[in-house]
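Novice: Sequence first, predicted coordinates after that:
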Amino acid sequence: MRLSRFYLPLLKETPSDAEIVSHRLMLRAGLIRQMSAGIYSWLPLGHKVLRKIEQIVREEQNRAGAIELLMPTLQSAELWRESGRYDAYGKEMLRITDRHEREMLYGPTNEEMITDIFRKSVKSYRQLPLNLYHIQWKFRDEVRPRFGVMRGREFLMKDAYSFDLDPVAARRAYFRMFVAYLRTFARMGLKSIPMRAETGPIGGELSHEFIVLAETGESQVFCHRDLVELPAPGEDVDNDSDLETQMAHRLSLYAATEDKHDEAAFNALPEGKRMSARGIEVGHIFNFGQKYSKPMNAKVTGPDGTDVYVEMGSYGIGVSRLLGAIIEASHDDAGIIWPEPVAPFDLAILNLKHDDAKTQGACETLYAGLTKSGIDVLYDDTAERPGTKFAAADLIGLPWQLIIGPRGLEKNEIEVKNRRTGAREMMSPEAALNRFAHKV
Ligand code: 5CA
């Protein structure tokens, strides 16, 4: 993509109403624009990152055996009356009346709707286990939307729903998602720590929040220090006994959010292992048994011929919130530093003298060669000064910058800069092409 043909409105001034660094950088780097309180448009650069994050989430859900579908954003109040949540949900639910005076709502979550889909067609235990998910916009009329996409009113969520015959199988489904979540966040360059959590309006007893440590996080958390170092389970952790072993170890280490914090249990840890920090909740999983299946009459016939209410769980990831979390975890004074798997482009080419034929020729050749080999390039071919281009490239945070100017080209050299380490290397344009063309 040529920058001269792209839409990348950068802000020179730091927006004064943005309290945390990720919000400021998302506005300055032209990722989002606020449309009204807690509601954003995703500009092209932000939209690219959003789609990349979504794709990683999707791949790991599929790998864990969940199946994708898509439910609407608008739901009927009827369904929510069946579960009793229509009144219980309170002011966070945006209620809408259609032209026929039918009561509707903009979905804040989908337990009722998925239970309705399930009960209409699944009748036998043979169709279980089942885990269905979608990636869809949600609306919650938060009292205080803030921190940009971190606490929005409209936000993108991945929500999965599991259905099982008995509590043992349901626990297994829960563990499977638990492990999938650790892998999902690790692929985005994030270290997430699952913490015992309160279940709020979703319900149930067993629940974990996945927390990314960050000083600006909204949650206060307490955990065993060893959890921070524990690597995400590999793809080989797949069968049930491996899952049990992994989980037994993790669950034996203390980790809780403020609401579930047990001061005595925490103080029993060796002093050096006690960690109290702030964090961002990027995911939340719930096991709530028959909370929805019972009032909504979602039953299957078991192996012995009797009907039982299915055991359910739900599993959320804040897809749009993740952009904020990743930036909180990965930036410096100059701007964003995208982890490669979620970067909006793989690399930037900076043309330092756009009106110089030789420089332009070298840039065009590299741009064409890299693009042909599948590298997603943002080519800064604008007439801006080099200083402006450097600042913009650092701000938007692509992992690599190929800096090309007439002085280097006299020696057949360009500069390759790594955004994260700041390391610079001089090499020929051919060597650069070779190096990056082989990365895909
Ligand atoms: N139905 C369950 C799980 S599918 C559910 O709704 N869980 S939740 O309420 O915990 O939300 C799931 C995830 O969505 C949270 O972990 C968080 O990452 C994200 N999220 C929740 N509220 C917001 C919000 N206002 N803005 C941005 N992301 C949010």
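Specialist: Thanks, I have the structure now. Numbers count the residues shown, from 1 in each chain.
Novice: Please count neighbours and contacts with C-alpha atoms only from this point.
Specialist: Fine.
Novice: Counting by contacts, list what the lowest-mean-pLDDT helix or strand in the chain packs against.
Specialist: Lowest mean confidence among the helices and strands of the chain (mean pLDDT, DSSP states H and E): helix 240-252, at a mean of 85. If you count contacts as 3 or more CA pairs under 8 Å, 6 or more residues apart in numbering; DSSP states H and E, helix 240-252 packs onto helix 167-187.
Novice: picking that back up, the least confident helix or strand of the chain: what's the following helix or strand?
Specialist: strand 255-257 (DSSP states H and E).
Novice: Remind me what that following strand packs against, helices and strands.
Specialist: In terms of contact count using 3+ CA pairs under 8 Å, 6+ apart, strand 255-257 is assigned the packing partners strand 192-196, strand 219-224.
Novice: 10 Å instead?
Specialist: Packing partners of strand 255-257 (3 or more CA pairs under 10 Å, 6 or more residues apart in numbering; DSSP states H and E): strand 192-196, strand 206-213, strand 219-224, strand 274-289.
Novice: Which pLDDT does the model give Glu198?
Specialist: Looking at Glu198, its pLDDT stands at 89.
Novice: Would you check how far apart it and Glu215 are?
Specialist: Separation of Glu198 from Glu215 (CA to CA, to the nearest Å) stands at 21 Å.
Novice: likewise Glu258?
Specialist: Glu258 sits 15 Å away from Glu215 when distances are taken as CA to CA.
Novice: I'd like to know how many residues surround Ser219.
Specialist: Applying other CA atoms under 10 Å, we find 19 residues neighbouring Ser219.
Novice: ok, the closest residue to Ile414 other than its chain neighbours - how many residues close by?
Specialist: Leaving aside its sequence neighbours, Ile414 sits nearest to Ile404 (CA to CA, 6 or more residues apart in numbering; 5.1 Å). Ile404: 23 surrounding residues under other CA under 10 Å.
Novice: which strand residues sit across from Ile404 in the sheet?
Specialist: Beta-bridge pairing of Ile404 under DSSP bridges involves Asn351.
Novice: quick one on the thing from earlier: send me the least confident helix or strand of the chain as CSV with only the CA atoms.
Specialist: Extracted as CSV, the C-alpha positions of helix 240-252 are listed here (Å, rounded to 0.1, in the frame of the first residue of the first chain):
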residue,chain,number,x,y,z
ASP,A,240,-7.9,-35.0,28.5
SER,A,241,-5.3,-36.3,30.9
ASP,A,242,-2.7,-33.7,29.7
LEU,A,243,-5.3,-31.1,30.2
GLU,A,244,-6.0,-32.3,33.8
THR,A,245,-2.3,-32.2,34.6
GLN,A,246,-1.8,-28.7,33.3
MET,A,247,-4.9,-27.4,35.0
ALA,A,248,-4.1,-29.1,38.3
HIS,A,249,-0.8,-27.3,38.5
ARG,A,250,-2.2,-23.9,37.4
LEU,A,251,-5.2,-24.1,39.7
SER,A,252,-2.9,-25.0,42.7
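Novice: returning to that earlier point: looking at Glu198 and Glu215, which one has more neighbours?
Specialist: Using other CA under 10 Å as the criterion, Glu198 and Glu215 rank with Glu198 on top: 22 against 15.
Novice: shouldn't Ala268 be in contact with Arg274?
Specialist: Yes. Between Ala268 and Arg274 there is a contact at 9.1 Å, judged by CA atoms under 10 Å.
Novice: between these two, which one's more packed in?
Specialist: Here Ala268 and Arg274 are compared on neighbour count by other CA under 10 Å; more neighbours surround Arg274, at 18 against 10.
Novice: thinking again about what came up before, identify the contacts common to Ala268 and Arg274.
Specialist: Common neighbours of Ala268 and Arg274, counting by CA atoms under 10 Å, 6 or more residues apart in numbering, are Tyr254.
Novice: thinking again about what came up before, closest to the ligand out of the helices and strands packed on strand 255-257?
Specialist: The closest of the helices and strands packed on strand 255-257 to the ligand is strand 274-289. By CA to the nearest ligand atom, the value is 3.5 Å.
Novice: That closest one to strand 219-224, inter-axis angle?
Specialist: Relative orientation of strand 274-289 versus strand 219-224 (axes from the mean of the first three to the mean of the last three CA atoms, to 10 degrees): 100 degrees.
Novice: Can you name the next helix or strand after strand 274-289?
Specialist: Using DSSP H and E, the helix or strand that follows strand 274-289 in sequence is strand 299-301.
Novice: From the contact counts, what lies against that following strand?
Specialist: For strand 299-301, the elements it packs on are helix 111-121, strand 307-309, judged by 3+ CA pairs under 10 Å, 6+ apart.
Novice: hmm, 6 Å instead?
Specialist: With contacts taken as 3 or more CA pairs under 6 Å, 6 or more residues apart in numbering; DSSP states H and E, strand 299-301 sits against strand 307-309.
Novice: how about the helix or strand just after the strand it packs on, does it reach the ligand?
Specialist: Sequence-wise, the next helix or strand downstream of strand 307-309 (DSSP H and E) is strand 311-318. Yes. Against the ligand, strand 311-318 shows contacts by CA under 6 Å from any ligand atom at 314-318.
Novice: what's around the nearest residue to Gly313 once chain neighbours are set aside, how many residues?
Specialist: Closest residue in space to Gly313, ignoring its immediate chain neighbours: Asn287 at 4.2 Å, by CA to CA, 6+ apart. Around Asn287 there are 26 other residues, counting by other CA under 10 Å.
Novice: repeat for Ala66
Specialist: Applying other CA under 10 Å, we find 23 residues neighbouring Ala66.
Novice: do the same with Met195
Specialist: Met195 has 25 neighbouring residues, counting by other CA under 10 Å.
Novice: show me the contacts for it.
Specialist: Residues near Met195 by CA atoms under 6 Å, 6 or more residues apart in numbering: 208-209, 255-256.
Novice: so when I look at Pro72, I'm seeing a strand, right?
Specialist: No. Going by DSSP: H, G, I helix; E, B strand; the rest coil, the assignment for Pro72 is coil, not a strand.
Novice: Angles on the backbone of it, please.
Specialist: In terms of degrees, to the nearest 10, the main-chain angles of Pro72 are phi -70, psi 160.
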